[in-house]
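Trainee: Provided below are the primary sequence and the corresponding predicted coordinates.
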2 protein chains.
Amino acid sequence: LFCDKNGGKRGKMYINTNHKTHFQGRRCEFTACCQNIMEYGMETVRSLKVECGVWVGFEHSTFNGQQFILEKGDYPCWEAWSGNNAYRIERMMSFRPIYSATHSDCRMMLFECENMTGRQWEVCNDYPSLQAMGWCNNEVGSIQVMSGAWVCYQYPGYRGYQYIMECDCHGGEYRHYREYGCHAQTPQIQSICRIQH
Amino acid sequence: LFCDKNGGKRGKMYINTNHKTHFQGRRCEFTACCQNIMEYGMETVRSLKVECGVWVGFEHSTFNGQQFILEKGDYPCWEAWSGNNAYRIERMMSFRPIYSATHSDCRMMLFECENMTGRQWEVCNDYPSLQAMGWCNNEVGSIQVMSGAWVCYQYPGYRGYQYIMECDCHGGEYRHYREYGCHAQTPQIQSICRIQH
């Protein structure tokens, strides 16, 4: 399987399973999305290496549940990709490359209220604390991604639940916090980070 | 207590304790470093709000043990500031403002080997994956911070152990991974992030 969208950029990722961390156990190579690792005879992912591209992992099959951004590098255990310790289910069942990650241009509009209403702020940079930059509170009501792809985080400093926001998903529109991800329970977003190739 | 170094910039932080999360229990305001919260009659920190400035929290008293970067915003529970789930000790006993955080200029030299030897790379930006930018492996042998303050993370995407690196600590020199923090057990560093005011 090869993914050759987006100007020839390719992703490649290795995953390991068999209840073993630190790159032990059976190993599989992926170069395109995987909607259910059980189709490859695996129960879950225990460690992984991203060789190229940027990926998003999901708690459940068919790209559902908690989201985990996966940048190039080594992830020897579940803790390495999860930003949320409270809800500790060590499961990653599906994943896909992020094609809209770009190096040059990331733009996103944050809105105070749902349906793109209330105060708004156009961002084009990483912010470990939105409130430090003058954002009104610890919530973002709705989001329009104009270009690129982003990770929005529940807590400051890129902690807590992760929501991957892409210009080429839903037309870049996230009109209510329930559209941030099926695991989103509040509009709480306190830091944001561009996904860059 | 007021901290008025660094051109009048002030930090302010509230902490809550009494075994209650989500900003319940007794509340204390801090505007300068605290080397042991037991001096304030508290056993540990259960939730906190950073009102201004950037702070670093420590697992143990007198600024020892695991480090936690604390940007402006709300931290309702331990999971909100910890990036490391594996070593799950819910303790924060001391903290201090980071005075060398700057908006304009952050520069740091990464070295492949200890004592500032081997391949080197001068960085002045955030990198969620050093390896995606061409860094040779998942380790950094030593570090020279020329200006500003940084967080170095064990895993890609700002996950895992956090090491706060400041130009005004140790003259900005971190010659061996044991100087990254007293909890550092390997030279593994896979993402870096500027600390900005």
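Mentor: Good, I have the coordinates. The model shown is predicted, which means the values in this text are computed figures rather than measured ones.
Trainee: where in chain A is pLDDT low?
Mentor: Applying pLDDT under 70 to chain A flags residues A:1-10, A:17-21, A:83-88, A:103.
Trainee: domain parsing for it?
Mentor: Residue ranges for each domain of chain A read A:12-98, A:107-195, as given by the TED database.
Trainee: ok, is the longest one in contact with chain B or not?
Mentor: Yes. Using C-beta under 8 Å from any C-beta of the partner chain, domain A:107-195 reaches chain B at A:126, A:128-132, A:138, A:151, A:154-160, A:190-191, A:193, A:195. Glycine gets a C-beta too; all of them are placed from N, C-alpha and C.
Trainee: tell me the secondary structure at A:Gly171.
Mentor: Assigned by DSSP: H, G, I helix; E, B strand; the rest coil, the conformation of A:Gly171 is helix.
Trainee: and for A:Glu39?
Mentor: helix.
Trainee: chain A: helices as residue ranges?
Mentor: With helices called from DSSP state H, chain A shows none.
Trainee: mind listing the strands for it?
Mentor: A:12-16, A:27-30, A:47-52, A:55-60, A:64-70, A:73-75, A:94-97, A:107-113, A:117-123, A:142-147, A:149-155, A:159-166, A:173-174, A:191-195 (DSSP state E).
Trainee: packing partners for the longest one?
Mentor: Here strand A:159-166 is seen to pack against strand A:64-70, strand A:142-147, strand A:149-155 when contacts are counted using 3 or more C-beta pairs under 8 Å, 6 or more residues apart in numbering or on different chains; DSSP states H and E.
Trainee: let's see 6 Å
Mentor: When contacts are defined as 3 or more C-beta pairs under 6 Å, 6 or more residues apart in numbering or on different chains; DSSP states H and E, strand A:159-166 sits against strand A:64-70, strand A:149-155.
Trainee: could you dump the first one to CSV, C-alpha only?
Mentor: Okay, so that is strand A:64-70. C-alpha atoms of strand A:64-70 as CSV (Å, rounded to 0.1, in the frame of the first residue of the first chain):
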residue,chain,number,x,y,z
ASN,A,64,-13.0,7.0,16.1
GLY,A,65,-12.4,7.9,19.7
GLN,A,66,-9.4,9.7,21.2
GLN,A,67,-6.9,11.1,18.7
PHE,A,68,-3.1,11.0,18.9
ILE,A,69,-0.8,13.1,16.8
LEU,A,70,2.2,11.0,15.6
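Trainee: quick one: it to strand A:191-195, angle?
Mentor: Strand A:64-70 and strand A:191-195 are oriented at 70 degrees to each other (axes from the mean of the first three to the mean of the last three C-alpha atoms, to 10 degrees).
Trainee: and what of the last one?
Mentor: Using the same axes, to 10 degrees, the direction of strand A:149-155 lies 160 degrees away from that of strand A:191-195.
Trainee: pull up the pairing partners for strand A:149-155, direction included.
Mentor: Under the criterion DSSP bridges, strand A:149-155 sits next to strand A:159-166 (antiparallel), strand A:191-195 (antiparallel) in its sheet.
Trainee: list the buried ones in it?
Mentor: By neighbour count on 16 or more other C-beta atoms under 10 Å in any protein chain shown, the buried set for strand A:149-155 is A:149-155.
Trainee: which one of those residues is nearest chain B?
Mentor: Here the nearest of those to chain B, counting by C-beta to the nearest C-beta, is A:Tyr155; it sits at 4.1 Å.
Trainee: burial count for the residue lying closest to that closest one once chain neighbours are set aside?
Mentor: What sits nearest to A:Tyr155 in space, not counting adjacent residues and going by C-beta to C-beta, 6 or more residues apart in numbering or on different chains, is B:Ala80, at 4.1 Å. Other residues within reach of B:Ala80, judged by other C-beta atoms under 10 Å in any protein chain shown, total 25.
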